[in-house]
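Q: model this:
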Amino acid sequence: MPVYYVVESKMINPESYQQYIAQARPIIAHYGGRYLAVSGDVLPLDGGWTPERIVIIEFPSEDHVQQWLNSPEYRAIVPLREAGVAVRAVLVPGFDTH
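A: Next comes the predicted model:
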């Protein structure tokens, strides 16, 4: 069953973030990740939540996410992410329609 890695991010350093994204995308794809949404054009609707940017990435399973997050190639670029954006992330299981 697919899972969804949902990230709320706030920009700290655009240059570091761009370096991170350039390297992160192929790593994410290697572990089965597929971007579904990446946008700063977020329309707040309820509850006072006004995120600056949202990213949603679909993975085939939670195991794929754990492999990605713990991979040496991803761990090597985490400092770029930490310098570029402040993030809050959650993992949401997909809905099984069967």
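
Q: what's the longest helix anywhere in the chain packed up against?
A: Longest helix in the chain, counting residues (DSSP state H): helix 14-30. Applying 3 or more CB pairs under 8 Å, 6 or more residues apart in numbering; DSSP states H and E, one finds that helix 14-30 makes contact with helix 62-70, helix 72-75, helix 78-84. Using the backbone N, CA and C atoms, a C-beta is placed for each residue, glycine as well.

Q: repeat the analysis, applying 6 Å as the threshold.
A: Judged by 3 or more CB pairs under 6 Å, 6 or more residues apart in numbering; DSSP states H and E, helix 14-30 is in contact with helix 78-84.

Q: which residues touch the helix it packs on?
A: By CB atoms under 6 Å, 6 or more residues apart in numbering, the residues outside helix 78-84 that reach it are Ile12, Asn13, Ser16, Tyr17, Gln19, Tyr20.

Q: can I get those in JSON lines including pLDDT and distance to Leu43?
A: Shown next, in JSON lines, are the contacts of helix 78-84 (pLDDT from 0 to 100; distance: CB to CB, whole Å):
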{"residue": "Ile12", "pLDDT": "96", "distance to Leu43": "23"}
{"residue": "Asn13", "pLDDT": "97", "distance to Leu43": "26"}
{"residue": "Ser16", "pLDDT": "96", "distance to Leu43": "27"}
{"residue": "Tyr17", "pLDDT": "95", "distance to Leu43": "22"}
{"residue": "Gln19", "pLDDT": "97", "distance to Leu43": "29"}
{"residue": "Tyr20", "pLDDT": "97", "distance to Leu43": "26"}
